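>>> Sharing a sequence plus its predicted fold:
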Amino acid sequence: KMTPTKIFTSFVLILCYISFVASKEIIVDTRKEGNSKNISTEVGDTITFIVDSNPTTGFTWNIAQILMTQNHIYNVIENQFVPDPVPEGDEEMDGRGGIEKITVSIDRPGKDLLQLIHARPWMLYKIDKMDEEGYWDVEPAKANSIDFEITAEANGDL
């Protein structure tokens, strides 16, 4: 017999399944692709940016728009450093590089900029001007940036 609890549980499971199937993960490997990218996506998707990284140098990756302003179509859900593997026969050593994976969720439709800034955290205060396109000028902080424009459509699967 289908009780109200079983019906509700079934409904929730179906919604979870639809949400899982409907969303996709977009991988943007900046080591293989150009520095300027237009990304088209849908609400519910995630975008993972892969960048070369070595935090022992003092440089970290940050998203300028998250640091400087609010109300974006995306939110950071994970930022993970993955060290390069130690070559066979070598000893584990401190200070080796690797990659950083920065994952954002697309939470609402619209158009937004995402600028990955590679800088020392104590220099970020020097970033205080935008260019005519809306990207932050990172030169005063002696930083580098990789710029993206994200366009997110409403997810029509639900």
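Yep, it's here.
>>> Every contact and neighbour count from this point should use C-alpha atoms.
Fine.
>>> With only the CA atoms kept, save stretch 68-82 in CSV.
C-alpha atoms of stretch 68-82 as CSV (Å, rounded to 0.1, in the frame of the first residue of the first chain):
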residue,chain,number,x,y,z
MET,A,68,35.1,42.6,-5.1
THR,A,69,31.4,42.4,-5.6
GLN,A,70,28.3,40.3,-4.8
ASN,A,71,25.2,38.9,-6.5
HIS,A,72,26.7,36.6,-9.2
ILE,A,73,25.1,33.8,-11.2
TYR,A,74,27.7,31.4,-9.7
ASN,A,75,29.1,30.4,-6.3
VAL,A,76,32.4,28.7,-5.5
ILE,A,77,31.6,25.2,-4.1
GLU,A,78,35.2,23.8,-4.1
ASN,A,79,38.8,25.0,-4.3
GLN,A,80,41.3,22.1,-4.2
PHE,A,81,45.0,21.9,-4.7
VAL,A,82,46.2,18.6,-6.2
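>>> how distant is it from the center of its chain?
6 Å (CA atoms, centre = their mean, to the nearest Å).
>>> List the buried residues in it.
72-74, 81 (16 or more other CA atoms under 10 Å).
>>> again with stretch 84-98
So stretch 84-98, judged by 16+ other CA under 10 Å, has buried residues G97.
>>> Averaged pLDDT, that stretch. What do you get?
If you average the pLDDT over stretch 84-98, you get 82.
>>> and the end-to-end length of it?
In stretch 84-98, first residue to last residue: 4 Å (CA to CA, to the nearest Å).
>>> same deal with stretch 134-143?
17 Å.
>>> for stretch 47-58, same thing?
25 Å.
>>> who touches that stretch?
With contact meaning CA atoms under 8 Å, 6 or more residues apart in numbering, stretch 47-58 is reached by 25-31, 60-61, 81, 95-106, 119-121.
>>> Going by distance to D128, which of the buried residues of stretch 68-82 wins?
H72 (18.7 Å; CA to CA).
>>> ok, the closest one to E100 distance?
22 Å.
>>> what ranges do the strands span in this structure?
25-29, 36-42, 46-53, 60-63, 74-83, 98-106, 110-119, 144-153 (DSSP state E).
>>> Stretch 85-92: how far from the chain's middle?
Per CA atoms, centre = their mean, the centroid offset for stretch 85-92 relative to its chain is 30 Å.
>>> meant to ask about stretch 40-50
Using CA atoms, centre = their mean, the offset of stretch 40-50 from its chain centre is 8 Å.
>>> How about that stretch, which residues are buried there?
So for stretch 40-50, counting by 16+ other CA under 10 Å, buried means 41-50.
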